[in-house]
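Student: sequence and predicted structure are below.
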Amino acid sequence: MKFKKINALRGEVTIPGDKSISHRAVMLGAISEGTTRITNFLRGADCLSTIACFRKMGIDIEESPDQILVHGKGLHGLQAPADILDAGNSGTTTRLISGILAGQSFESTLTGDASIQKRPMKRIITPLTMMGADVESLSGDGCAPLRIRGSHLKGIDYHSPVASAQVKSCILLAGLYTDSVTSVTEPYVSRDHSERMLSSFGAALKTDGCTVSIQPEPRLMGQEVAVPGDISSAAYFIAAALLVPGSELLIKNVGINPTRDGILRICRRMGADITILNRREHGREPVADLLVKHSPLKGTVIEGAVIPTLIDELPILAVMAAFAEGSTVIRDAQELKVKESNRLDILVHHLSAMGADITGTEDGMVINGGRPLHGAVLESHLDHRIAMSFAVAGIAAQGETEILQADCVDISYPGFYRDLLKR
Ligand SMILES: O=C(O)C1=C[C@@H](OP(=O)(O)O)[C@@H](O)[C@H](O)C1
Ligand SMILES: C=C(OP(=O)(O)O)C(=O)O
């Protein structure tokens, strides 16, 4: 896929549904009683992997263009899968399902693609083992495939070394199948979609700063879930409108949960003109429309507690920083090394190839922005966020940028290139 400078982005764009919320709606629907109706479900490959896994455990899931119906079988209604569960490219599927599988009375094996088989799973194996599950990395390296022998679990009070919503959610889901309260404390607050959705399905949770506790054995009831647009997908349009002169773009129906909105806070600090319009609630999730106008940007520091609130937006923020005046420092972002690819190394490599002044550090990078960027031929490394970030770099840089294996955007945003280039 090739990109050149484009004309100003004007008019409106509606962003597909939130990936994190779509996964959770299927999972909670499956272990609830009655039917869960999901609208604006993200039909990206990752969320389709979650659907496929639950179908293998006997859950009837009806897909039509305007809704997904999950016919739940209650907390203890899943059946042993006849076959290996395949999470594809999805870390969220792998880690969250593991929490549910740990509480079942059957054994299951869970794997995924080559990228998933390199991502760290000890972070969930450790707490699930403390809870009494038997979880084994079959390759012996702490990664998938995982063999999970579930059982009735015991509640734990776990202090996670990483701020990770996947770890937190895995433990909270396992905490549904215990004999006492389960608590998770993380160093910084990560996205809280699981907590919000578990409460609305009927679980009893308490949040106190960085600690969340859940009571076991709730009666979960199927719900209507209207999935907001994904702020992580909106991020590419925010960046494109800020970078391309003359742009004024209304991005409609974007989830602005405060545990996900770090991109907005950092963009504003960089000098971005973004107006939040029409604030409303979709179930328990805040939603708004974003009016974004082309703005000259300046560098900033991105570190600490804001990192988990924009973890998937760091690639596009690094691209924006390369176009901004002055230097941007990103710290505390070592998690970027263990996503679908090593995003830290790839950002440094690709932005350098486009002419940026960027240096990688142990836990982030330093970008001296404002140098003119030129096109380059860049590998996506089958990482959707890398492909989308450099598509945006390509429409703002001089000359032509080519992204190889660009189809991987289907993981989180099928139709991304059409939406970006249609105007
Ligand atoms: O819980 C979730 O839905 C997610 C949590 C984040 O991962 P970590 O929990 O590993 O930080 C994020 O990067 C991922 O895209 C989705
Ligand atoms: C890291 C991501 O997702 P996951 O962990 O679910 O693969 C992402 O979407 O950027």
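Tutor: Looks like it arrived, so ask away. Residues are numbered from 1 along each chain as shown. Ligands and ions are numbered 1, 2, ... in the order given.

Student: burial count for the residue of the chain found nearest ligand 2?
Tutor: Across the chain, the shortest distance to ligand 2 (CB to the nearest ligand atom) belongs to residue 91, at 2.6 Å. (Each C-beta comes from the backbone N, C-alpha and C, glycine too.) Using other CB atoms under 10 Å, residue 91 has 21 neighbouring residues.

Student: same check, this time on residue 184
Tutor: By other CB under 10 Å, the residues close to residue 184 number 24.

Student: now what about the helix or strand hosting it, what contacts it?
Tutor: Here residue 184 sits within strand 182-185, counting by DSSP states H and E. Under the criterion CB atoms under 8 Å, 6 or more residues apart in numbering, residues 127, 131, 155-160, 167-168, 171-172, 174-175, 210-214, 216 lie in contact with strand 182-185.

Student: of these, keep whichever come out buried.
Tutor: Buried by 16 or more other CB atoms under 10 Å: 127, 131, 155-156, 158, 160, 167-168, 171-172, 174-175, 210, 212-214, 216, out of the contacts of strand 182-185.

Student: isn't the residue of the chain closest to ligand 2 right up against residue 341?
Tutor: No: using CB atoms under 8 Å, residue 91 is not in contact with residue 341; the gap is 11.8 Å.

Student: and residue 312, that's in a helix?
Tutor: Yes: assignment of residue 312 by DSSP: H, G, I helix; E, B strand; the rest coil places it within a helix.

Student: can you tell me the SS state at the closest residue to it other than its chain neighbours?
Tutor: Nearest in space to residue 312, with sequence neighbours left out and distances taken as CB to CB, 6 or more residues apart in numbering, is residue 232 at 4.6 Å. Each residue gets one of three states, and residue 232 gets helix by three-state DSSP.

Student: state the distance from residue 232 to residue 278.
Tutor: Distance from residue 232 to residue 278, counting by CB to CB, to the nearest Å: 20 Å.

Student: just residue 230 next, same as before
Tutor: Distance from residue 230 to residue 278, counting by CB to CB: 17 Å.

Student: higher neighbour count, those two?
Tutor: Counted by other CB under 10 Å, residue 230 and residue 278 do not tie: residue 230 has more neighbours, with 26 against 12.

Student: would you agree the more buried one is in contact with residue 256?
Tutor: No: using CB under 8 Å as the test, residue 230 is too far from residue 256 to be in contact (11.3 Å).

Student: pull up the overlap in contacts between those two.
Tutor: Common contacts of residue 230 and residue 256 (CB under 8 Å, 6+ apart): none found.

Student: for the residue of the chain closest to ligand 2, grab phi and psi.
Tutor: Note on residue 91: backbone dihedrals following degrees, to the nearest 10 are phi -60, psi -40.

Student: mind listing what it touches?
Tutor: Listed by CB under 8 Å, 6+ apart, the contact partners of residue 91 are 116, 119, 166, 339, 340.

Student: dump the residue contacts of residue 60.
Tutor: Going by CB under 8 Å, 6+ apart, residue 60 touches residue 71.

Student: beta-bridge partners for it, please?
Tutor: Beta-bridge partners recorded for residue 60 (DSSP bridges): residue 71.

Student: among the contacts of strand 182-185, which are in helices?
Tutor: Those of those mapping onto helices are 127, 167, 168, 171, 172, 174, per DSSP state H.

Student: check which helix or strand the closest residue to residue 170 other than its chain neighbours maps to.
Tutor: Nearest residue to residue 170 in three dimensions, chain neighbours excluded: residue 99, at 3.7 Å (CB to CB, 6+ apart). In this assignment (DSSP H and E), residue 99 forms part of helix 91-101.

Student: what's the helix or strand that that helix is followed by packed up against?
Tutor: Once helix 91-101 ends, the next helix or strand along the chain (criterion: DSSP H and E) is strand 107-111. Packing partners of strand 107-111 (3 or more CB pairs under 8 Å, 6 or more residues apart in numbering; DSSP states H and E): strand 85-86, helix 91-101, strand 146-149.
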